[in-house]
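K.L.:
Predicted structure and sequence below. I'll ask about it afterward.
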Amino acid sequence: MTTLAPSSFDVRPLEQEDRDQALDVVWRAFGWGYRQDAADDVFTSRSIEADRTLVAVDGSGGDVVGTASAYSLRMTMPGGDLQPIAGVWMVTVAPTHRRRGVMTGLMRRQLADLAAGGEAVAALWATEASLYGRYGYGIASWRQPIEVDLASAAFTPHATGLAAGSAARLRLMSLSDALPYLAAVHDDVLGTRPGTLARDADRWQFLLGGGDGRPPAEIVVALGPDGPTGYAAYRVREGKPGLVPAGVVAVQEVSATDPATHARLWRYLLDLDLMSTLTCESRPVPDPLAHLLADHRRMHARLDEALWVRVVDVERALAARAFAAPVDLVLDVTDDVVPANAGRWRVVVAEAGGTATARRTDARPDLSMDVGDLGAAHLGATSLHVLALAGRVVERTPGAVAVASAAWSCSPTAHTAEIF
Ligand SMILES: CC(C)(COP(=O)(O)OP(=O)(O)OC[C@H]1O[C@@H](n2cnc3c(N)ncnc32)[C@H](O)[C@@H]1OP(=O)(O)O)[C@@H](O)C(=O)NCCC(=O)NCCS
């Protein structure tokens, strides 16, 4: 790979012979060390969609110096419908070619391709908070990493009774045995919370079976009289030998179809022997676990951003989610990357729970905002009211922020359990 400054670079779709170089760029950029698996195996095990992958190629040497890809995902939107989204990932640039606009070239091309006929909404997890706002992405959901001191993790009397009253029997299972149960529980919860992603067998394998480089997860399934009602996936780390237990329970996810199973699974995780600390990287905000614990202050939490969302096509995106209240407002939207979104839109929601129609208009705007703010509000977890307080959304008609904020909001709050 050249270390000379490139005279130029081209962005184009990945070709078969680019695979090795492209993955080398990804591995180096993310600090994953030396790649041992053959490129084709990595494409398979990570379900990389070759036909949705772009590369930036150095104009002078022809080397691949940047990558961007997208997964074809399906995500629950406010209202409960599952909609296609582009799950953007693999955005990497070779260290030899950084800060020369390669990422910008990739992002612009990817958004142009999507706008020309792809999903109406793109979403991603960002390694750094300052990267994606410039391309029209906004922070659309939040998560909290938590750490619970297990010496003080008693439940409230109510939660104790709830967990004890669960009819579910807990069984530890291998991933292959658990898979039908996990899928059944996931199907049940999928439509109940925006941000939840549909999963196929490969995705379960990747997330819980060690596909992502972590050891396979322990899986405990809650079996009720009529079938599975929940599961938890976690890993335990032995503590250093000492006088008191010092192990760590790292919870990956807990999913349940009823409150009693939910309480029962948490009690199980909090009671594992030889452990002193329970962690989880991504809990919803707010987290019902805080209301099970007698002393919620023992659950140390930090607010963190989760998904960034990009509205690629205003008209189609607003027609694919439900709104909590009727709306008839004119939005003036700026979009420096996808010009078709820019301008005034009359957005009408006829009744609470309905989707929106967005039509071009010359009427006076009620609200002005950047497309990134529309993306931030899209899952209902970032309030337009808060964006207005931050001066990002500007109210042109008194009361418009309150109306829009109520309509765009959603309960329960959006949460995505897995990083893609
Ligand atoms: C992040 C990364 C893709 C940026 O690539 P790049 O080609 O250097 O980015 P560009 O030159 O196109 O810069 C685009 C803009 O982002 C800014 N920027 C780039 N990297 C940045 C960083 N790490 N922190 C803050 N700003 C950054 C640039 O200053 C530029 O700003 P401008 O539009 O105001 O001029 C690259 O540094 C990388 O591969 N990092 C490691 C992997 C990674 O984190 N990828 C993101 C995955 S979510």
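P.N.:
Cool, got the structure.
K.L.:
Spell out which parts of the stretch 101-250 of the chain neighbour the ligand.
P.N.:
Within the stretch 101-250 of the chain, the positions near the ligand by CB under 6 Å from any ligand atom are 101, 102, 103, 104, 126, 127, 128, 130, 131, 134. To be clear about C-beta, it is placed using only N, CA and C from the backbone, and glycine gets the same treatment.
K.L.:
Let's see that with 8 Å instead.
P.N.:
Residues of the stretch 101-250 of the chain lying near the ligand by CB under 8 Å from any ligand atom: 101-107, 124-128, 130-132, 134.
K.L.:
So which of the residues you listed is the closest to residue 205?
P.N.:
Residue 205 has its nearest neighbour among these in residue 125, at 19.9 Å by CB to CB.
K.L.:
which ones are touching that closest one?
P.N.:
Neighbouring residues of residue 125 by CB atoms under 8 Å, 6 or more residues apart in numbering: 89, 306, 307, 308, 419, 420.
K.L.:
swap the cut-off to 6 Å and go again
P.N.:
Counting by CB atoms under 6 Å, 6 or more residues apart in numbering, residue 125 touches residue 419.
K.L.:
unless I'm mixing things up, residue 119 is touching residue 84, no?
P.N.:
Yes. Taking contacts as CB atoms under 6 Å, residue 119 lies within contact range of residue 84: 4.8 Å.
K.L.:
Which of these two has more residues huddled nearby?
P.N.:
Legend: neighbour count by other CB atoms under 10 Å for residue 119 and residue 84, higher for residue 119 (23 against 15).
K.L.:
Surely that one is within a strand?
P.N.:
No. Read with DSSP: H, G, I helix; E, B strand; the rest coil, residue 119 is coil and lies in no strand.
K.L.:
Please tell me how far it sits from residue 96.
P.N.:
According to CB to CB, to the nearest Å, residue 119 stands 32 Å off from residue 96.
K.L.:
ok, which stretches of the chain are helices?
P.N.:
19-30, 39-45, 102-115, 157-164, 175-190, 201-208, 259-270, 314-318, 371-377, 384-389, 400-408 (DSSP state H).
K.L.:
any chance of the ones you listed in JSON lines, plus mean pLDDT?
P.N.:
Formatted as JSON lines, the helices of the chain follow (pLDDT from 0 to 100):
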{"stretch": "helix 19-30", "mean pLDDT": "97"}
{"stretch": "helix 39-45", "mean pLDDT": "94"}
{"stretch": "helix 102-115", "mean pLDDT": "98"}
{"stretch": "helix 157-164", "mean pLDDT": "98"}
{"stretch": "helix 175-190", "mean pLDDT": "98"}
{"stretch": "helix 201-208", "mean pLDDT": "93"}
{"stretch": "helix 259-270", "mean pLDDT": "98"}
{"stretch": "helix 314-318", "mean pLDDT": "98"}
{"stretch": "helix 371-377", "mean pLDDT": "98"}
{"stretch": "helix 384-389", "mean pLDDT": "98"}
{"stretch": "helix 400-408", "mean pLDDT": "98"}
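K.L.:
Packed most tightly, which of the ones you listed would that be?
P.N.:
Highest mean neighbour count among the helices of the chain (mean count of other CB atoms under 10 Å): helix 371-377, with a mean of 27.
K.L.:
returning to what we had before: what's the most distant pair in the residues of the stretch 101-250 of the chain next to the ligand?
P.N.:
Greatest spacing in these, by CB to CB: 101 and 125 (22.7 Å).
K.L.:
Which residue would be the closest one in the stretch 201-350 of the chain to the ligand?
P.N.:
residue 308 (8.9 Å; CB to the nearest ligand atom).
K.L.:
Grab the nearest non-local neighbour of that residue.
P.N.:
Closest residue in space to residue 308, ignoring its immediate chain neighbours: residue 137 at 4.0 Å, by CB to CB, 6 or more residues apart in numbering.
K.L.:
check contacts around the one you found.
P.N.:
Residue 137 is in contact with 308, 310, 375, counting by CB under 6 Å, 6+ apart.
K.L.:
change it to 10 Å
P.N.:
Contact analysis of residue 137 by CB atoms under 10 Å, 6 or more residues apart in numbering lists 88, 107, 111, 122-124, 126, 131, 307-311, 337, 371-372, 375-376.
K.L.:
And residue 170, by the same measure?
P.N.:
Each residue near residue 170 by CB under 10 Å, 6+ apart is listed here: 220, 221, 222, 223, 230, 231, 232, 261, 264, 265, 267, 268.
K.L.:
repeat that with 6 Å
P.N.:
Residue 170 sits next to 220, 222, 268 when contact means CB under 6 Å, 6+ apart.
K.L.:
Can you tell me which of the residues you listed is closest to residue 247?
P.N.:
Once CB to CB is applied, the member of the contacts of residue 170 that ends up nearest residue 247 is residue 268, at 15.1 Å.
K.L.:
List the residues that contact that closest one.
P.N.:
Residue 268 sits next to residue 170 when contact means CB under 6 Å, 6+ apart.
K.L.:
on that earlier part again, compare the helices of the chain and give me the one nearest residue 12.
P.N.:
Residue 12 sits nearest to helix 102-115 of all those, at 8.4 Å, using CB to CB.
K.L.:
all strands for the stretch 201-350 of the chain, in order.
P.N.:
With strands called from DSSP state E, counting those that start in this stretch, the stretch 201-350 of the chain shows them at 218-224, 227-237, 247-256, 275-283, 299-301, 304-305, 308-311, 327-334, 343-349.
K.L.:
Next: the stretch 1-150 of the chain.
P.N.:
Along the stretch 1-150 of the chain, counting by DSSP E, counting those that start in this stretch, strands occupy 9-13, 54-58, 64-76, 82-93, 121-124, 137-139, 142-149.
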